[in-house]
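>>> whatever this is, show me its structure:
(4 chains)
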2 protein chains.
Amino acid sequence: MVNEKTELRKKVAILKGLAHPVRLSIVEALADSEMCVCDIVEMFDFDRTTISKHLSLMKEIGILSDKKDGLKVYYSLRIRCLPSMLSCIEKVIEGNDPETVFIMECCGK
Amino acid sequence: MVNEKTELRKKVAILKGLAHPVRLSIVEALADSEMCVCDIVEMFDFDRTTISKHLSLMKEIGILSDKKDGLKVYYSLRIRCLPSMLSCIEKVIEGNDPETVFIMECCGK
DNA sequence: AATCTATGTGGTAATATTACCACATAGATG
DNA sequence: CATCTATGTGGTAATATTACCACATAGATT
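Coordinates of the predicted model:
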């Protein structure tokens, strides 16, 4: 049995880990395949070290895992259900007419 | 077609809205049924106005909707798939042995 | 071994988030 | 209508997050 408080803290940590435009974009990019830091850095206009810190953070939280190969480090999703989880939110957003920001139904199950 | 940047911002906003222990607890409590502010406040040791601000924030983001009835205000989930979305994260956490903080598989699909 | 390449870390200034207090208000009740 | 009850808002101090710079390191290349 998992401690309630601890479980809540872990869930919040994961959500916080996803709640940043750079980090969420990385997670989405990793949905299909792993990428090296060099390629991930290319995606953004931010400093290389900024991206590196976002990756370290997500690794520490448990969202990503890394794998070294020569000079390069490859990151991949450690929580595989994330893309489908996020697609729930996407459907909510995409389903909107421009006026209403969010609708009430999604996932259609 | 939804603007990519805007969509990302909205997704991040929702995730941020969930990424706080008080707010996530509220969302979980609202999974089953709506609640008035007075009852939600009872759940926590924080100041009443702190809870009120968390509710306002989630309403603004679109996570919650409210409904007035006399003096009381009832909040409910506006994004209904949230509980099942969060259960994905829960399974990841619960599936752990105490040593490993996160596992790689979840949702069992 | 000197150098280069890919990546990571410590420090820090700028910015955002959070929690509480003081105060405001709408609707019920005496 | 005076008051009470449930709720919300503005302001602010404490804290957390973020992005960059300077620097460090491991492994490849010359």
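>>> near DNA strand C, which residues of chain A? Just list them.
When proximity is defined as Cβ under 7 Å from any atom of the strand, chain A approaches DNA strand C at A:36-38, A:41, A:48-49, A:52-53, A:55-56, A:66, A:71-73. Any C-beta I mention is one placed from the backbone N, CA and C, and that applies to glycine too.
>>> show me what from chain A comes close to DNA strand D.
Counting by Cβ under 7 Å from any atom of the strand, the residues of chain A close to DNA strand D are A:16, A:19-20, A:22, A:46-47, A:49-50, A:53-54, A:57, A:68, A:70-71.
>>> can you tell me the element the residue nearest the centre of chain A falls in?
Within chain A, one residue has its C-alpha closest to the average C-alpha position: by Cα atoms, centre = their mean, that is residue A:27, at 3.4 Å. Secondary structure from DSSP states H and E places residue A:27 in helix A:21-29.
>>> re the thing from before, among the residues of chain A next to DNA strand C, who's most crowded?
residue A:55 (21 neighbours; other Cβ atoms under 10 Å in any protein chain shown).
>>> wait, a strand at it?
No - when DSSP: H, G, I helix; E, B strand; the rest coil is applied, residue A:55 is found to be helix, with no strand at that position.
>>> in chain A, which residue sits nearest DNA strand C?
For chain A and DNA strand C, the shortest gap (Cβ to the nearest atom of the strand) falls at residue A:38, measuring 2.8 Å.
>>> ok, that residue - contacts?
Taking Cβ atoms under 8 Å, 6 or more residues apart in numbering or on different chains as the definition of contact, the neighbours of residue A:38 are residue A:72.
>>> rerun at 10 Å
A:48, A:51, A:71, A:72, A:73, A:74 (Cβ atoms under 10 Å, 6 or more residues apart in numbering or on different chains).
>>> count the residues that sit near the last one.
Spelled out, it's residue A:74. Residue A:74: 18 surrounding residues under other Cβ under 10 Å.
>>> who does it bridge with?
Using DSSP bridges, the beta-bridge partners of residue A:74 come out as residue A:36, residue A:67.
>>> is it true that it touches residue A:59?
No - judged on Cβ atoms under 10 Å, residue A:74 makes no contact with residue A:59 at a distance of 11.8 Å.
>>> what is in contact with the two at once?
Common neighbours of residue A:74 and residue A:59 are listed as A:65, A:66 (criterion: Cβ under 10 Å, 6+ apart).
>>> what does stretch A:27-37 contact?
For stretch A:27-37, the external contacting residues (Cβ under 10 Å, 6+ apart) are A:17-18, A:20, A:26, A:39-43, A:48, A:51-52, A:55, A:58, A:63-67, A:69-80, A:82-84, A:86-87, A:90, B:8, B:11.
>>> nothing else from me, thank you.
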